Structure formats: C-alpha cells, structure tokens
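Q: give me coordinates for this.
(2 chains)
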There are 2 protein chains.
Amino acid sequence: MTERAPLSSLSADELAAFLADKQAAYAELKDRGLSLDLTRGKPASDQLDLSEALLSLPTGHTDRSGADVRNYGGLEGLLELREMFAELLGVETAQVICGGNSSLTMMHQALTDLLLWGGPGSERAWKDEPVVKFVCPVPGYDRHFSMLADFGIEMVTVPMNEDGPDVEAVRALVADDPSVKGLWIVPTYANPTGATCSVEVATALMSMPTAAPDFRVFWDNAYALHHLTDTEVKSADALSIAAANGHPDRPIMFASTSKITFAGAGVAVMAMSETNKAWFLKHLGMASIGPDKVNHLRHVQFFGDADGVRAHMRKHRELIAPKFAAVQAALTAELAGLEVAEWTEPTGGYFVNLDVMDGTATRVVQLAKEAGIALTPAGASFPHGQDPRDRNIRLAPTFPPLEQVETAMAGVATCVALAAAEALTR
Amino acid sequence: MTERAPLSSLSADELAAFLADKQAAYAELKDRGLSLDLTRGKPASDQLDLSEALLSLPTGHTDRSGADVRNYGGLEGLLELREMFAELLGVETAQVICGGNSSLTMMHQALTDLLLWGGPGSERAWKDEPVVKFVCPVPGYDRHFSMLADFGIEMVTVPMNEDGPDVEAVRALVADDPSVKGLWIVPTYANPTGATCSVEVATALMSMPTAAPDFRVFWDNAYALHHLTDTEVKSADALSIAAANGHPDRPIMFASTSKITFAGAGVAVMAMSETNKAWFLKHLGMASIGPDKVNHLRHVQFFGDADGVRAHMRKHRELIAPKFAAVQAALTAELAGLEVAEWTEPTGGYFVNLDVMDGTATRVVQLAKEAGIALTPAGASFPHGQDPRDRNIRLAPTFPPLEQVETAMAGVATCVALAAAEALTR
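A: As a prediction, this is how the structure comes out:
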C-alpha cells in the first residue's frame, strides 16, 4: 500500500497540487466517454446462466403428494420447497410459506395487512392508530424506506453497527412509545454495510420490552446464503429466540431466490410463528388461489435439496468475489492513507458501503455521473433519501463485467479524492 | 322431452307417490357410495395438458427488445405479451399491465390501493370514508364478495339480468349516495349465470352519473375468450365507452390465462386509463421490482399471437362443451316440466346457474352431500353466503371427467326433485 499523508495534514501548497493532480485525472476520466453503472444490486448475466436449466423444467407436473402443480390451490406453497427453505433458514417447515417471485411483495402484503386489520396482539388496525413509526437502522435498504414512506409510516433511525442495529438506541425508542410498531432489518450481510446481526443483538431485539403489544421485526434475510468467503456465517435464529423470550409473533422472516436463481423469476418465502402464519394466510386467501406451484416444482427439481442450493451459491461466489476484490483494490490504490473515505469489506451480500468525507457524497455522485459512471444517488440508504452527513454511497459491483467494475471503481476513487480536495480548499 | 305436469299441480296422492318414487331413487343413489365434486371452476387435467409445452419454454431468455427476462425490471410486463392481451381484450397496449399468476391478486391490490390512498378523483383514501359500499349484481362470484367482506366494504345487491346488471337498480344506488364507490362485475359469461353484459348496459354503467367522484367498475373479464359455442361473443369495450362518456378512470379491467393455460401458473392482466395505470404502477413499484417475465416470455412463445390464443380456446371448448351438455341433459331428463327448477344454458364461461324451488337450495346441497356429491354451498353466489330465497346453486362441471359429470348431475337432479316434493308435502 502506498504511504500517504492524510489529506487534511497537507499544507495549502501541497493541497493545491493534489487538487490540480486530481482535476487532471478527472478530466482524463471524462474524456474516456464511459457509460458504466454501479447503481443496483442485480445479478450479472453469467450468474443468471448458472440457473439456465430452470428454463426447461419441471419434468412432469405433479408434486410429491401427487397434486397437479398446474392447477389452483396450495396457498402455502409446495411442501417440498417449504422443507428446503426451512432447512436453509433454520426454521420449522410449519412456519414457512412459499409465494411468488418477490419477497418485497410479501413484505408489502404483511404491512398492508397490519395497516388494514392489525395483526396478532394488535389492539386495532394500524391505520386507526394516530401515528405509526418504524425503527430504521441506517444506512439501510432504500426500498424498505420508500415503502414505509408510501404507507405514511414515520421512520426513526438508529445506527447500524457491525453486529447489527444499535441495541441501546432501539431499546430507548421502543420502550415507552406505543406508536413504534416495528423495526426493519437485513440481518445477514446487510444492505448496504454487509454487517451481520449477532446472536446477542438478535436476542436483545427479540426479547426487549416494547410499549406496542404488536411490535414486529421485519427480518429481511435476503442474503442469508450469499457468502463471499469461506466463512459461511449462520444467521441468528430469530424465530426460536423470539419464541424462547416470550415474543413468538415479533419476527416475520423473508427471503427469496432472486439472487440465487433468477432475479425476476425466482420464488419468495416467509417464515413466522404459526399464529402469524394463520393470520397472514387468512388475508392471503382473499387475494390468491395459490402461488405459481409450477415454479416451485421447477426450483425443487433444479436444486434437489438444501445442499444443492449451498453448492449453487458457491458458484455465484466464484463469479462475484473478484468484483468485490476489484472494489477494494481500486479504493485502496487511490485513497488509502488519505483519510477522506472509509469503506466496508463485506464477507457476503451484494454491496460495499462507502463513506466519503462529510458533505461530499452528493458531489462525488455528480462527478461520477458527469464522467459516465452511474452511482446510486447519495443518501439513498437513508429514509427519504436524506443522509444527514452527506457522506454515504452504496456501491453495487455485481452486475457489470469485472473489467467494467475495475474501470468504474478507479473512476469513483478519483471522484472521491477530487471532491475531498475541493472541499478542503474551499 | 318427457311430458310432465308441474309438481305443484299434482293431487296430494300423486304428490305422495312422486315423493316415494324420489325417495327410492335417492336411497339407490346413496347406496352407490359416490365421491364426486362439482364445487369449483377448475380446469380438468386434459385441459391443462393442452399447455404442456409451456413446461419446456421459453427458448432463450431475451425479449424482443433484447432485455434479459431473467433479471429484475419491467414493472408493466413484457411488451409483446401486453400487445397480445391488448388485441384480445380490445384495448390499447399502453393501457395494459401484465402481472403474476392471479388476476384476483391484482384486484386485491387495486382495492388495497384505493383503501390506503384513494385513486384518481378521490377526495380522500377510502379507509377515511365513514362507509364504503359496492354494488354487487347477484348471483355473482363468491371470491369478490368474500374479499369485499374482508375489507369491511358493505355490499348492496342488484339483480343480474341476461344482459348484465339491472341498470335502473344500479342507477338508483349510485346517483345520490357518495359512499357507493364501486361495482364489481364479470361482464362476459358471468360467474355463475353465464350472462354477458350488452353494449347498452355497459354504456349505461360507464356513463351514469354517480355521487362518488371516484366511482370504479371492477370489470373482471375472466371469461372473455371462454366460448362454448360458435358464437364467440365480443365483450363490450368498457374502456373506450367510459372515455367517450367522460369517465375514463371508471373501469378497471382484469383478465388472466388461469383458464387458458395453467390455473396456478398463468399470467394475469389489467387494463385501464393511463391515469389509473400511472396511479397503480406508482404503488406497485413499492411492492415489486417487476413480474415474472420468464413466464411472460413462455406464454408469448407458446401462443405466438392473439390468434394462437383463440385457436387454443377452441381446444378447451372441445373438451368442456360435452360436460355442459351433460348438465343440460341430466337436468332436462329429470326436471323438465316439473316447474321446480330453472337453469341457465351458458354459451361460455365455467358455470351453470341452477335455481331450485324457493327455500330448498340448502336442502338440495345437503342431500347431494349425503349422497357423496359435493356442490358449492347454497348461497355462495350472494354476499356473506346469504341467498334471500335459498334457491341458488352454482354448478361447476369442468373439473370432473365427463362420465362423473353425468353421474353427479343425474344425482343432483334427483335431489332437486326430492327436495321440492318434500317441501310441497310438508
């Protein structure tokens, strides 16, 4: 690693020289006329190719019980798929529902049901509460925040630490305010920080007293199986922990194969207490005569069993780990020692969290855009897109080919350094 | 046809003899130990087999624009599928959204959105109205009614005539009461009567003044293409009629391939004004990153074009028309002339509507059940399952094999005659 002095320690002359150097580098970057995109956590083509065999499945059209998967029915989803997910998520089959192609849709349904009817433990429908608030660890997943905003649910933030949400901050929010009805978290390889919720933090979240009798933790385990290293972290067993602590209905777990098979044509899954499940199925039964069981059978035949899924995920890792390494290499090469940025080195998931110098994230994204490199808007990982320190940028390196990630990230690093130099010389 | 006297014209002795005769026939029926099911409008295995080629499609994974259908995106659905449905439904492609496997789910979403946010023209979210009412033509589709009940929406009934809902009755309900927010209808080959809404009735519904500025007609065109005769009726063009009459946002049209390809694994579709569509997509975008476009492409490749769908529907007709004929034959053989029952002779759709003697429908269903013939519960086609005259029974002959339909319907006819004789001798 290059030995560099922190940018803030340079003399005015040194800083001016640094700025000029970065301005020249940036001018060169712009001249290249790039058109690159690091905005969204999408799998790349070669990842989707890993599941191409799905396109000619299933063979036959009956499930293990002999039921015709082509017809109506089976609201909970195919039993053999539910068993597979139960093993993968460390829950009981009886707690699992398999649905359509999107866990986001299932989260939306669960929130809708809580708003319109309330859930187990509710004193009334949430729509009839004067205010409903959710605790949002930040930085977090932009689609969670935009959904809450659309529902008119207020968001109160807590820091997302390396072992999960800041427990004391959560405790302070939920203890006395019955309008705080929920918390939304990506517990494993979080979007965007890559942090994984420890068993201790999970236990605190599942056991802490809450003023709301129907407090819910939306446990969006989107990346439960999405390891980037040999250390395949196991998610905390939220349902068991909650039940053991007297709050069996608190967590609702979500996952999907969107980043396992096909992003748009996978299967989504929920797991929850049997009380929650009966409640959810009651309303789901008004909206559906059953999920796409052909796609369920397709997935069952493709994987064979839970180990088939795990083996498949190692093939994804082979394809995307080099892209994450390229992000680290580019940021380190340009920025190490300057003390103008910090970034995560995730061991799983789909994102790298880049914190640049306070007040410069919007400028970095703008510079990158003008150089043909699309980044997620600054602040996207905060409620209403408002990062109070304007420093957070989410990097999503999976979709572009490796060489594009390398090129784009070298460019991003230049923008980070330039924006910092601009700020320090202002 | 046997010449028979109306049952009510028989002398007491003749009636007693008739009763004894039917009791004997019923005892014989029970002794056969049947186990038959006419409860739900499900396609039979041989109908599902017509689409078996879907299971090894699609070939390739890109749509006409070159987009990878396996990945996220494309909230409106595949353009080429939207074009196909636009032609089939007689609407503009720009008005169409293709979704997941269930139009019921899309109806639920639309109602949810209206409740939580209101729609174009709404003064407030429907949840904030003191009361919300829907006009329900009866007999109608039980799942519409149960969904409305779950949402706490009050149902006010109007008669379903042979050309659609009773227009004057609807007019009287909607003219002055702003809490009447909608009407739900199966316009073509209605469930269960088989009636088709005429252009005149459609025009009246789409043009009539309503006290509610955001009055909606849920136009559930589930059987638009499901002809049983050579007369392939064309659905009234609700969207154009509404637009021409100054109420472009009034109708929301729904359809699906559930009874075209696979009941559980088809594709659903909505069509509506572009204002309604923008509103719907705004909320849909919070709940989804796009539908299962692989299944969209699968359907596009399977059908080729709209004519492919029409040709496919004629194969369905070949399989199910004999079952509908068997229903007619059995009812006629046993009941013609007795004047204890009336039934429809549908030219499309999935149901036969059987009206038995007032006050005997529950008894008929019970008799059939005890003889091993499952019928839809009496009253199912009315809100809250309450048929004020206890006379309506919905027959669904598509699912069982033809010989079972024959056996079951002969049994049902016996039960109808027996229940009538019981009532007349009571």
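Q: let me know how buried A:Cys98 is, in neighbour terms.
A: 28 (other C-beta atoms under 10 Å in any protein chain shown). In short, each C-beta sits where N, CA and C put it, glycine included.
Q: show me the contacts for the residue nearest to it when sequence neighbours are not counted.
A: Residue nearest to A:Cys98 in three dimensions, not counting chain neighbours: A:Gly77, with 2.9 Å by C-beta to C-beta, 6 or more residues apart in numbering or on different chains. Taking C-beta atoms under 8 Å, 6 or more residues apart in numbering or on different chains as the contact definition, A:Gly77 lies against A:Val96, A:Ile97, A:Cys98, A:Gly99, A:Val267, A:Val269, A:Pro291, A:Lys293, A:His296.
Q: write the PyMOL selection for whichever of those residues are buried.
A: Buried residues among these (16 or more other C-beta atoms under 10 Å in any protein chain shown), as a PyMOL selection:
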select buried, chain A and resi 96+97+98+99+267+269+291+293+296
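Q: a markdown table for the contacts of A:Gly77, including secondary structure?
A: Output for the contacts of A:Gly77, formatted as a markdown table (DSSP: H, G, I helix; E, B strand; the rest coil):
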| residue | secondary structure |
| --- | --- |
| A:Val96 | strand |
| A:Ile97 | strand |
| A:Cys98 | strand |
| A:Gly99 | coil |
| A:Val267 | coil |
| A:Val269 | strand |
| A:Pro291 | coil |
| A:Lys293 | helix |
| A:His296 | helix |
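Q: and the contacts of A:Gly77, which is closest to B:Ser256?
A: Nearest to B:Ser256 among these, counting by C-beta to C-beta, is A:Pro291 at 14.2 Å.
Q: so that closest one sits against A:Gly99, correct?
A: Yes. Between A:Pro291 and A:Gly99 a contact is recorded at 5.0 Å, counting by C-beta atoms under 8 Å.
Q: quick one on the thing from earlier: sec struct for the residue nearest to A:Cys98, please.
A: Going by three-state DSSP, the secondary structure assigned to A:Gly77 is coil.
Q: now it, what are its backbone angles?
A: For A:Gly77, the backbone dihedrals (degrees, to the nearest 10) come out as phi 100, psi 170.
Q: re the thing from before, closest to B:Leu367 out of the contacts of A:Gly77?
A: So of the contacts of A:Gly77, ranked by how close each gets to B:Leu367 (C-beta to C-beta), first place is A:Lys293, at 34.6 Å.
Q: one step back: can you list residues touching both of A:Pro291 and A:Gly99?
A: Residues touching both A:Pro291 and A:Gly99 (C-beta under 8 Å, 6+ apart): A:Gly77, A:Val267.
Q: just want the residue of the stretch 51-200 of chain A that's nearest chain B.
A: Nearest residue of the stretch 51-200 of chain A to chain B: A:His108, at 3.6 Å (C-beta to the nearest C-beta).
Q: helices and strands around the strand or helix carrying A:Pro322, which ones?
A: A:Pro322 belongs to helix A:306-335 when assigned by DSSP states H and E. Judged by 3 or more C-beta pairs under 8 Å, 6 or more residues apart in numbering or on different chains; DSSP states H and E, the packing partners of helix A:306-335 are helix A:45-49, helix A:79-89, helix A:293-303, strand A:341-343, strand A:352-356, helix A:402-424.
Q: list the helices and strands the strand or helix carrying A:Trp279 packs on?
A: Secondary structure assigned from DSSP H and E places A:Trp279 in helix A:274-287. Judged by 3+ C-beta pairs under 8 Å, 6+ apart, helix A:274-287 is in contact with strand A:96-98, helix A:103-117, helix B:103-117, helix B:142-150.
Q: buried deepest among those, which one?
A: Mean neighbour count (mean count of other C-beta atoms under 10 Å in any protein chain shown) peaks for strand A:96-98 among those, with a mean of 25.
Q: point out where the stretch 51-200 of chain A drops to low pLDDT.
A: Of all residues in the stretch 51-200 of chain A, none has pLDDT under 70.
Q: now the residue of the stretch 51-200 of chain A closest to chain B: closest residue in space that isn't a chain neighbour?
A: In space, and not counting its chain neighbours, A:His108 is closest to B:Ala287: 3.6 Å by C-beta to C-beta, 6+ apart.
Q: count the residues that sit near the one you found.
A: Count around B:Ala287 with other C-beta under 10 Å applied: 21.
Q: so how far is A:Ser103 from it?
A: Distance of B:Ala287 to A:Ser103, computed by C-beta to C-beta, to the nearest Å: 11 Å.
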